Structure formats: C-alpha cells, structure tokens
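[1] This is a predicted model, with the sequence first.
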Amino acid sequence: MSDNEQQTTEIQNLIAELSKLGYFYLKDERLDEAEEKFQKILSYDSQNTYALVGLGDVARKKNNFKDAVEYYKSCLEHHDENNYALFGLADSYKALKMYGEAIEIWEKYLVNDEKNVTVLTRIADAYKKVKNYEKSHDVYLRALEIEPDNLYALIGLGYLNFDFKNFKEALGYWEKALSQQQDSDIDNIKILTALGNCHRKLKTFHEGLKYFRMALEIEADNFYALFGMADCFRGIKDHKKSLEYWEKILEFDSNNKVILTRAGDSCRNLNNYEKAQEYYNSALNVGFDTYAVLGLAMINKIQGNFNEAITSLLKLIKNDPDNPRLYLEAAECYTLIKKKEQAIQILTEYTQRGNRNIYISEMLIKLKKDK
C-alpha cells in the first residue's frame with residue numbers, strides 16, 4: 001500500500017470514528033460535543049453526508065432552524081435523495097412556518113417512501129396550516145388507509161371535522177384516538193378535552209362533564225378542563241357548580257375578564273347580585289367587556305332600574321350593532337316602563353340593518369298587535 005493510500009485509509013477510519021462519536025453525542029443530547037465532531041469531519045471532507053446531516057440535526061435540536069436548513073440543503077446539493085436530509089429540511093421549514101416549502105420537500109421524500117405514515121401526517125398538518133383543508137383531509141385518510149389506528153391522523157381528522165362543525169364525525173375520530181392512546185398524559189388530556197368540547201357544541205353536557213372530569217383526574221388545574229366543566233354545568237343550569245369551577249380558574253388566572261364575567265353571570269343566576277356586580281366590575285377593570293356591561297344592565301333590569309339598564313344597552317348597541325340580544329333586552333325594558341313606541345323603534349332599527357332574528361320578529365309582531 002502506498003503512503004497516499006495508507007493516509008486515505010487512516011482519514012477514512014478517523015472520519016468513521018468521529019461520525020460514530022458525533023451521533024452518540026447527538027443521541028445523548030450532548031450537542032456541543034456532537035457539533036465539534038461533525039465539524040472536524042468537514043475539515044477532512046467538506047461534502048460528508050453524515051457530518052452535514054448531523055450538523056443539521058444539532059442545529060434543529062438547538063432550535064437554530066435557519067442554520068439547520070443550510071446544512072441539510074448543502075447535503076442535498078451532493079446527495080439529492082438523502083432521506084435524513086429531506087426529513088430534517090422539511091421539519092426545519094415547518095418550524096420556520098414555511099409550510100409550502102415543507103410540503104414540497106415531504107412530497108419529494110415520499111417518492112422513495114410513499115407509505116411513510118409519519119411523513120403523511122406531517123404533510124396533512126402542513127396543508128391544514130396553509131388552509132388547504134380538502135388536501136389535508138385527503139392526506140390524513142391516506143395515512144389511515146396504511147395504518148388504520150394512527151393516532152396523529154385520527155387526532156388531525158378530529159380537529160378538521162370540529163373546525164367545520166362536523167361534531168359527530170369529530171367525536172368518532174377522537175374516541176378511536178383515545179382508545180389507542182396510552183402513553184402520554186398530555187396527549188390524553190388534549191383528546192379528553194377535545195371530546196368534552198365536542199359534547200359542549202352538541203349540547204350533550206352530561207357526556208361532556210364525563211370527559212372533562214377524566215382530564216382533571218390527570219391534571220387538576222388544567223384550564224381547558226376546568227373551563228369545560230364550568231361551561232357544561234352552565235349548560236345544564238347548575239349555576240352553583242358552574243361558579244365553583246369558574247372560581248377555581250380565577251385562583252390562578254385572577255385577571256381573566258372572560259372568566260370574571262362568567263362568574264358574574266353565575267352569581268346573577270343565583271340571585272347574588274352584589275357578588276355578581278363585584279365580578280362584572282373586576283372584569284371591566286381589566287378591560288372593556290360587552291358581557292360584563294350587559295350583566296350589570298341585567299341586574300339593573302331585575303332590580304327595576306330600567307332607565308339605567310336602557311342607557312347601558314344603548315351604549316352596547318353602538319359598539320355591537322348586530323347583536324340581537326341587546327335589542328331584545330332594551331325593548332323589554334322599554335315595555336316595562338310603558339314605552340312601547342321606543343321598544344318598536346329599537347327592534348325596527350335592528351331589522352333595518354338587514355338582520356333577521358326570529359325572536360325580534362315575534363316581539364315586533366306582538367308589540368304592534370298590542371298597540
């Protein structure tokens with residue numbers, strides 16, 4: 001063996017050893033040490049596939065996605081079908097929210113591995129991000145054809161159907177996902193709260209409570225599970241239990257004006273008007289909230305302060321002129337102080353805006369008939 005051949009062999013052996021060490025450190029999350037080994041390889045072989053992909057992986061793990069893109073692209077310039085570089089590049093584009101570029105690379109990856117379910121679900125997720133819902137739906141279904149119990153495809157199809165208000169279909173996918181998921185408490189909570197939210201939308205509140213309770217058994221202070229419990233109790237008009245859960249949220253999120261307003265609504269429905277006013281005013285101290293002002297107006301109405309209620313409602317109508325409830329409440333206050341003409345006028349203003357609402361139409365007919 002000539003000296004040159006021996007030197008070449010030694011360098012190749014050194015590169016192999018450096019590569020082995022680099023990937024060992026990478027797997028062990030010793031990223032700086034891994035990077036050092038991969039850079040050393042490039043000093044001997046600037047186009048080395050393992051080093052370029054390894055450096056891309058290091059950069060990706062450090063969340064330096066722009067650097068990762070450059071390393072993967074450098075690898076692909078010389079080895080354009082390297083699946084590890086393609087996968088890493090697509091994932092880096094996704095992290096940079098460059099979903100179109102990610103889809104293009106993942107599609108290229110599928111040319112050599114068309115049944116890779118992991119890649120298919122990533123493509124479907126990316127299509128959803130760019131609002132190509134039909135394509136996203138089709139790709140998720142492709143993944144399920146290959147792997148009928150794939151968790152990510154089932155969850156993805158659940159969210160797609162939920163977004164399009166196909167709640168029963170979403171339930172089916174999420175129920176199947178829950179039956180498959182056993183390892184991660186976090187994923188279980190997401191699926192359980194998703195199932196609970198489906199039942200909230202379907203107004204099957206008792207079923208919703210079941211799933212939210214299961215989520216709270218895993219994480220007692222989970223915001224979405226607590227919110228779901230409170231809202232389901234609100235749906236079945238158990239305002240005492242609803243208030244209990246709104247107040248649990250306020251223990252760790254005391255300035256949430258939506259929750260403060262909901263707590264105020266619960267107190268109002270329990271005839272605890274003083275406490276309700278406290279919650280509504282606390283919400284308004286955080287920032288303007290239509291429903292907090294409406295809640296205060298409703299208390300004024302209940303207590304016979306009709307003019308104060310009307311004043312608040314008319315201000316709300318200026319800010320939210322297409323909200324039928326505001327007109328209905330204002331009209332009812334006018335009728336209670338024997339001002340039917342003003343009641344008819346305020347309801348007519350709603351219809352003149354081109355709006356249609358069956359309750360407003362019925363109230364208008366009744367008022368005009370009773371004139």
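    Received, thanks. Numbering: from 1, shown residues only.
[2] ok, and for the host helix or strand of residue 77, which residues are buried?
    Per DSSP states H and E, residue 77 falls inside helix 65-78. For helix 65-78, the neighbour count (16 or more other CB atoms under 10 Å) marks 65, 67, 68, 69, 70, 71, 72, 74, 75, 76 as buried. Any C-beta I mention is one placed from the backbone N, CA and C, and that applies to glycine too.
[3] chain center to that helix, what's the gap?
    Using CA atoms, centre = their mean, to the nearest Å, the distance from the centre of helix 65-78 to the centre of the chain it belongs to is 31 Å.
[4] which element follows that helix toward the C-terminus?
    Following helix 65-78 in sequence order, the next helix or strand is helix 83-95 (DSSP H and E).
[5] Send me that next one as PDB with only the CA atoms.
    Presented in PDB, the C-alpha positions along helix 83-95 are these (Å, rounded to 0.1, in the frame of the first residue of the first chain):
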ATOM      1  CA  ASN A  83     -34.000  10.800   3.200                       C
ATOM      2  CA  TYR A  84     -32.500  12.000   6.500                       C
ATOM      3  CA  ALA A  85     -31.600  15.400   5.000                       C
ATOM      4  CA  LEU A  86     -35.000  15.700   3.300                       C
ATOM      5  CA  PHE A  87     -36.800  14.900   6.500                       C
ATOM      6  CA  GLY A  88     -34.800  17.300   8.600                       C
ATOM      7  CA  LEU A  89     -35.100  20.000   6.000                       C
ATOM      8  CA  ALA A  90     -38.900  19.700   5.800                       C
ATOM      9  CA  ASP A  91     -39.200  19.700   9.600                       C
ATOM     10  CA  SER A  92     -37.000  22.800   9.800                       C
ATOM     11  CA  TYR A  93     -39.100  24.600   7.200                       C
ATOM     12  CA  LYS A  94     -42.200  23.700   9.200                       C
ATOM     13  CA  ALA A  95     -40.600  25.100  12.400                       C
END
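[6] so what secondary structure elements neighbour it?
    In terms of contacts (3 or more CB pairs under 8 Å, 6 or more residues apart in numbering; DSSP states H and E), helix 83-95 is packed against helix 49-61, helix 65-78, helix 99-112, helix 117-129.
[7] let's see 7 Å
    Judged by 3 or more CB pairs under 7 Å, 6 or more residues apart in numbering; DSSP states H and E, the packing partners of helix 83-95 are helix 49-61, helix 65-78, helix 99-112.
[8] could I get those helices as CSV with distance to residue 154?
    As requested, these are exported to CSV (distance: least, CB to CB, whole Å):
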stretch, distance to residue 154
helix 49-61, 27
helix 65-78, 28
helix 99-112, 20
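[9] Among those, which comes closest to residue 139?
    Closest approach to residue 139 among the helices and strands packed on helix 83-95 (CB to CB): helix 99-112, 9.6 Å.
[10] Verify the contact between residue 200 and residue 229 for me.
    No - counting by CB atoms under 7 Å, residue 200 does not reach residue 229; the two are 10.3 Å apart.
[11] Pull up the gap between residue 224 and residue 194, please.
    Counting by CB to CB, to the nearest Å, the gap from residue 224 to residue 194 is 9 Å.
[12] Which of the two has more residues huddled nearby?
    Using other CB atoms under 10 Å as the criterion, residue 224 and residue 194 rank with residue 194 on top: 23 against 17.
[13] tell me the pLDDT at that one?
    With respect to pLDDT, residue 194 scores 95.
[14] where are the low-confidence patches of the stretch 51-200 of the chain?
    181-186 (pLDDT under 70).
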